[in-house]
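Colleague: next input, structure requested:
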Amino acid sequence: MFRLSDFDFHNKAVFLRADLNSPMKDGKIISDARFRAVLPTIRYLLESGARLVIGTHQGKPYSEDYATTEEHARVLSELLDQHVEYVEDVFGKYAREKIRELKPGEVLMLENLRFSAEEVKNKPIEECEKTFFVKKLSQVIDLVVNDAFAAAHRSQPSLVGFARVKPMIMGFLMEREVEALSRAYYSKERPRVYVLGGAKVDDSLRVAENVLRKGKADIILTGGLVANIFTLAKGFDLGRKNIEFMERKGILKYVDWAGKILDEFYPFVKTPVDFAIDYKGERLEIDLLSEEKRLFDEYQILDIGSRTVEKYRQVLMQAKVIVANGPMGVFEREEFAVGTVGVFKAIAESPAFSVVGGGHSIASIHKYGIEGISHVSTGGGAMLTFFAGEKLPVLEALSLSYEKFKGRL
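Modeller: Below is the predicted model of the structure:
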């Protein structure tokens, strides 16, 4: 794959595909973590004299955080201490004129790429390169830099469509992500511990199945809804309230799949021994084998319990490699952040090489000031796809572009 050091960017129009999709409240971005992650690439390109065009998406159509990128341009201007012009267009005549007017060292931000209908669906690379998005923008850009690791599991025009049209280059963030995830996945050091939490149950089951079957993991620790599904698959009753909630979420169908994984790898998948509920406004921890578990009929599980945190901690402190995705519970409520904070602090304190990813995971790490994790990945879905042993379309596109254009260097 091409790296930034392979090219001279002076006076070249460079389209940088970043993933600056960020949590928003009242029209304002409330976390600039993804901006900071891509800053080294942006600074390098500007210092190299590139005429820089940044493209990102924000939210999904009809979602609450579906917004223009005007705020993104403002946040980036502050971080760079340089004006970033917001262009209220994606690939139309106005956008193309603005790109042509750029001078070396100047930067503009295109409108939310998902305002273009072509950008919303995943399509094969052959179809992506035939889109108006690629045809129009390729008229005014010389090179493409892809630093959108968090979207690397998607196959959309801005992400893969230029691969055979223009040289496509890895940004520093993309390079760092691929290096860290590959190191964790292919490591021969043992024990290798995977911590799977959060609500992406199907993705987590794909990861569990892949890493256990291919001998990439020695132990899997579970939290969040992933733990609840495995706990049900082990034959425990989690009560009417929790089963109804999982049914509404559409994840009860995964119990059989979790059961098959347990049949094959039973001792290697660990589930919580206690859980926490909100009982009359207070955190109450309930042992899975106690009589109190009848309360699960009326109260929803919101976190793993302290005994589970301690058991998980002992495993994590012995690990040589740790991969973690997703929180252990509803960490947004302080009294139910005990599991997430406890487990992530143990990961940070462990001597293991550790990779932690997922939007909620990153948010909890920042919120509680946890330091010491080897690599915090910007990608949740992309990271899970990688550890599930599946191909990432963006990495495939980068390889394809290298093969097509390497002779021109």
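Colleague: what residues go with each domain of this protein?
Modeller: The domain map for the chain lists 2-170+391-408, 178-378, with the assignment taken from automatic domain parsing.
Colleague: closest one to Leu384 among the ones you listed?
Modeller: domain 178-378 (4.2 Å; C-beta to C-beta). In this view, the C-beta of every residue, glycine as well, is placed from N, C-alpha and C.
Colleague: am I right that Glu371 is in contact with Ala348?
Modeller: Yes - counting by C-beta atoms under 8 Å, Glu371 does reach Ala348; the two are 6.2 Å apart.
Colleague: any stretches of this structure with poor pLDDT?
Modeller: For the chain, no stretch has pLDDT under 70.
Colleague: what about 90?
Modeller: Of all residues in the chain, those with pLDDT under 90 make up the ranges 22-27, 30-34, 62-64, 121, 331-332, 358-369, 378-381, 407-409.
Colleague: about what we covered before: in CSV: the domains of the chain, plus distance to Thr385.
Modeller: Listed next are the domains of the chain as CSV, based on distance: least, C-beta to C-beta, whole Å:
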stretch, distance to Thr385
domain 2-170+391-408, 4
domain 178-378, 7
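Colleague: possible to save those as JSON lines with distance to Leu384 and mean neighbour count?
Modeller: Formatted as JSON lines, the domains of the chain follow (distance: least, C-beta to C-beta, whole Å; neighbours: other C-beta atoms under 10 Å):
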{"stretch": "domain 2-170+391-408", "distance to Leu384": "8", "mean neighbour count": "19"}
{"stretch": "domain 178-378", "distance to Leu384": "4", "mean neighbour count": "19"}
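Colleague: a strand runs through Ile322, doesn't it?
Modeller: Yes - under DSSP: H, G, I helix; E, B strand; the rest coil, Ile322 sits within a strand.
Colleague: what's opposite it in the beta bridge?
Modeller: Counting by DSSP bridges, Ile322 forms beta bridges with Val193, Ser354.
Colleague: now the terminal residues of stretch 295-313, how far apart.
Modeller: When the termini of stretch 295-313 are compared using C-alpha to C-alpha, to the nearest Å, they are 27 Å apart.
Colleague: quick one: contacts of it?
Modeller: 195, 221, 223, 227-228, 237-242, 245, 270, 272-279, 283-287, 328-331, 333, 336-340, 342-343, 346 (C-beta atoms under 8 Å, 6 or more residues apart in numbering).
Colleague: pretty sure Pro40 sits against Glu175.
Modeller: No - between Pro40 and Glu175 there is no contact under C-beta under 8 Å: 10.2 Å.
Colleague: and Lys216, that one's in a strand?
Modeller: No - secondary structure of Lys216, determined by three-state DSSP: coil, with no strand assignment.
Colleague: what about the closest residue to it other than its chain neighbours, which helix or strand?
Modeller: Nearest residue to Lys216, sequence neighbours excluded (C-beta to C-beta, 6 or more residues apart in numbering): Tyr185, at 6.1 Å. If you go by DSSP states H and E, Tyr185 is part of helix 172-186.
Colleague: check Ser364 too.
Modeller: helix 359-367.
Colleague: gap between the two ends of stretch 247-260?
Modeller: 20 Å.
Colleague: quick one: residues in contact with that stretch.
Modeller: Contacts of stretch 247-260 with the rest of the structure, by C-beta under 8 Å, 6+ apart, involve Ala199, Val201, Asp202, Leu205, Leu225, Ile229, Phe230, Leu232, Ala233, Ile243, Met246.
Colleague: could I get those as a markdown table with secondary structure and distance to Ile30?
Modeller: Shown next, in a markdown table, are the contacts of stretch 247-260 (DSSP: H, G, I helix; E, B strand; the rest coil; distance: C-beta to C-beta, whole Å):
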| residue | secondary structure | distance to Ile30 |
| --- | --- | --- |
| Ala199 | coil | 20 |
| Val201 | helix | 27 |
| Asp202 | helix | 28 |
| Leu205 | helix | 31 |
| Leu225 | helix | 24 |
| Ile229 | helix | 30 |
| Phe230 | helix | 33 |
| Leu232 | helix | 35 |
| Ala233 | helix | 37 |
| Ile243 | helix | 34 |
| Met246 | helix | 29 |
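Colleague: ok, so of these, who is nearest Pro191?
Modeller: Looking across the contacts of stretch 247-260 and measuring by C-beta to C-beta, the closest to Pro191 is Phe230, at 19.2 Å.
Colleague: from memory that closest one sits against Leu262, does it?
Modeller: Yes - the criterion here is C-beta under 8 Å, and Phe230 meets it with Leu262 at 7.0 Å.
Colleague: quick check: neighbours shared by those two?
Modeller: Common neighbours of Phe230 and Leu262, using C-beta under 8 Å, 6+ apart, are Val269.
Colleague: tell me the secondary structure at Asp303.
Modeller: With three-state DSSP as the criterion, Asp303 reads strand.
Colleague: dihedrals phi and psi, Ala337?
Modeller: Backbone dihedrals for Ala337, given as degrees, to the nearest 10, come out at phi -100, psi 0.
Colleague: got the contact list for the residue nearest to it when sequence neighbours are not counted?
Modeller: Among residues not flanking Ala337 along the chain, Phe331 sits closest, at 4.1 Å (C-beta to C-beta, 6+ apart). The contact partners of Phe331, by C-beta under 8 Å, 6+ apart, come to Asp303, Ala337, Gly339, Thr340, Val341, His360, Ala363, Ser364, Lys367.
Colleague: and the end-to-end length of stretch 44-63?
Modeller: First-to-last distance for stretch 44-63 - C-alpha to C-alpha - comes to 34 Å.
Colleague: could you do stretch 380-391 as well?
Modeller: 15 Å.
Colleague: got it, and stretch 111-120?
Modeller: The first and last residues of stretch 111-120 sit 14 Å apart, counting by C-alpha to C-alpha.
Colleague: give me the contacts around that stretch.
Modeller: 55-61, 66-69, 86-91, 95, 131-133, 156-158.
Colleague: other SSEs contacting the one helix or strand Ala37 maps to?
Modeller: Using DSSP H and E, the element containing Ala37 is helix 33-47. With contacts taken as 3 or more C-beta pairs under 8 Å, 6 or more residues apart in numbering; DSSP states H and E, helix 33-47 sits against strand 13-17, strand 51-55, helix 70-80, helix 172-186.
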